[in-house]
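Asker: Sequence and predicted structure below; questions after.
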Amino acid sequence: MREKTRYRDIFRHLAEHPLLRVLLADTDSERARIMEAQLGTGSIVKPAPDEPLAEAVQRLHPDAIIVGMTRPDRDGLDGIRRAMAQEPRAIVLFVDRDDPDFMEEAISAGISSYNVVGAEPPDIKPIVQSAMAMFRRFQRVSNDLRRIEGAIADRTIVEKAKGLLIRQRQMSESDAHRWLQRQAMNRSRRIIDVARELVAGTDAGGQETT
């Protein structure tokens with residue numbers, strides 16, 4: 001129920017705040033014209049002739065990207081990977097032919113919405129809005145995962161520092177933790193910073209440096 005409410009809120013936000021800029025890069029000029037008519041010319045920006053997708057994204061800063069291919073193009077996926085590495089965005093991909101292997105590669109490259117269509121595309125507004133909702137959800141999950149991984153890594157460092165203090169200074173675990181807390185307070189640092197310095201100093205010289 002909570003998940004349904006979240007999606008409803010996302011789509012309401014998208015409906016109330018139309019897309020500002022959609023980068024349209026399609027090798028089929030007629031399909032591109034239809035897409036532009038559906039979205040409105042004021043929402044569309046395009047790469048310059050022969051401009052790599054990553055460079056166009058950096059120059060134009062779109063809210064979403066539509067890429068159209070007349071056939072599955074793995075070289076085109078390289079451009080998508082570079083764009084996603086530099087400025088992640090929701091990307092909608094249209095291709096003319098179904099290719100399950102290519103679809104897997106496209107999703108791995110960062111595509112938010114993969115669509116097999118002919119020259120006449122479907123109503124693309126909901127497709128783009130859905131792609132943006134999925135992209136934002138994925139970004140939240142990725143950010144949460146990075147925070148969790150960072151917290152686990154920090155805890156591992158703190159535990160390692162406490163272990164060094166227990167072995168080298170014959171402290172109890174609680175005393176070692178209090179020592180780290182005092183050092184952090186006296187030096188106006190975080191406990192993780194003190195622990196990281198202690199571990200790094202010991203690893204570098206074989207002996208505790210603080």
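Answerer: Thanks, I have it. Numbering: from 1, shown residues only.

Asker: May I have the secondary structure class of the residue nearest to Ile111 when sequence neighbours are not counted?
Answerer: What sits nearest to Ile111 in space, not counting adjacent residues and going by CB to CB, 6 or more residues apart in numbering, is Leu93, at 4.8 Å. (C-beta placed from N, C-alpha, C; glycine too.) Under DSSP: H, G, I helix; E, B strand; the rest coil, Leu93 falls in the strand class.

Asker: where do the strands sit along this structure?
Answerer: Assigned by DSSP state E, the chain shows strands spanning 22-26, 44-45, 64-69, 90-95, 113-116.

Asker: And these: which comes nearest Ala133?
Answerer: Ala133 sits nearest to strand 90-95 of all the strands of the chain, at 8.3 Å, using CB to CB.

Asker: and for the closest one, what are the contacting residues?
Answerer: For strand 90-95, contacts defined as CB atoms under 8 Å, 6 or more residues apart in numbering pick out 26, 31, 63-72, 80, 83-84, 102, 106, 110-117, 121, 124, 127-128, 131-132, 134-136.

Asker: swap the cut-off to 7 Å and go again
Answerer: Strand 90-95 is contacted by residues 64-69, 72, 80, 106, 110-117, 121, 127-128, 131-132, 135 when judged by CB atoms under 7 Å, 6 or more residues apart in numbering.

Asker: so what's Ala56 up against?
Answerer: Taking CB under 7 Å, 6+ apart, one finds Leu23, Pro47 in contact with Ala56.

Asker: Check the gap between it and Val141 for me.
Answerer: In this view, Ala56 and Val141 are 27 Å apart by CB to CB, to the nearest Å.

Asker: Need phi/psi at the spatially most distant residue from the centre of the chain.
Answerer: Going by CA atoms, centre = their mean, the residue of the chain most distant from its centre is Gln170, 44.9 Å out. Per-residue torsions, Gln170: phi 50, psi 40 (degrees, to the nearest 10).

Asker: quick one: it and Leu164, what's the gap?
Answerer: From Gln170 to Leu164 the distance is 12 Å (CB to CB).

Asker: Kindly report the same for Val194.
Answerer: For Val194, the distance to Leu164 - CB to CB - is 12 Å.

Asker: Repeat that for Asp50.
Answerer: 57 Å.

Asker: now the angle from the longest helix belonging to the chain to strand 22-26?
Answerer: The longest helix of the chain (DSSP state H) is helix 124-169. On the basis of axes from the mean of the first three to the mean of the last three CA atoms, to 10 degrees, helix 124-169 is oriented at 110 degrees to strand 22-26.

Asker: Summarise which helices and strands helix 124-169 is packed against.
Answerer: Applying 3 or more CB pairs under 7 Å, 6 or more residues apart in numbering; DSSP states H and E, we find helix 124-169 packed against helix 2-16, helix 29-39, strand 64-69, strand 90-95, strand 113-116, helix 173-186, helix 191-205.
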